[in-house]
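Trainee: What follows is a protein structure lacking sequence information:
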């Protein structure tokens, strides 16, 4: 239990000490190739929790917004997938739907938005999932409708 929740509580402690957070990048660290002394002396911390990172970087308000959007991604991703009609498109988008549905839970134990290239794939697949209903309607709109031809016209 504490293996997963200790990083989150570290982020919450930082947020309680700094209600507006320490700023974006606080939990990412300073890249090694930066030689500027002013930047190398900035405070950083390693927090392996999406919610903990959001709390430390963005503060309490930022944590609330992050939690809201994490849950919203999970709920809306699954809701969008479940509304798709049965078929190949729905089958193909099961993976992105599961990524979206598990995002609020995975964010407890890891910051999924902070690791490349995983975050790129994640948001690309979530975008595809959210666009799918419009694509499905567009495919229906492109069907050629044949007018009824009555004999003698």
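Mentor: Structure received. All values derive from a computational prediction rather than experimental measurement.
Trainee: which one's the longest helix in this protein?
Mentor: The residue-count maximum for a helix in the chain (DSSP state H) belongs to helix 50-83.
Trainee: Just the buried positions in it, please.
Mentor: By neighbour count with 16 or more other Cβ atoms under 10 Å, helix 50-83 contains the buried residues 50-60, 62-63, 66-67, 70, 73-74, 77-78, 80-81. Heads up, the C-betas are built off the backbone N, CA and C, glycines and all.
Trainee: Now residue 81: closest residue in space, sequence neighbours ignored.
Mentor: Excluding the flanking residues, the one nearest residue 81 by Cβ to Cβ, 6 or more residues apart in numbering is residue 97, at 3.5 Å.
Trainee: what does residue 129 give?
Mentor: Closest residue to residue 129 apart from its sequence neighbours, by Cβ to Cβ, 6+ apart: residue 96 at 4.2 Å.
Trainee: if we can go back for a sec, and the next element down the chain from the longest helix of the chain?
Mentor: helix 88-92 (DSSP states H and E).
Trainee: By mean pLDDT, point me to the weakest helix or strand of this protein.
Mentor: Sorting the helices and strands of the chain by mean pLDDT, DSSP states H and E puts helix 37-40 at the bottom, at a mean of 74.
Trainee: Contacts only, for residue 25.
Mentor: 44, 57 (Cβ atoms under 8 Å, 6 or more residues apart in numbering).
Trainee: Nice, that's everything, thank you.
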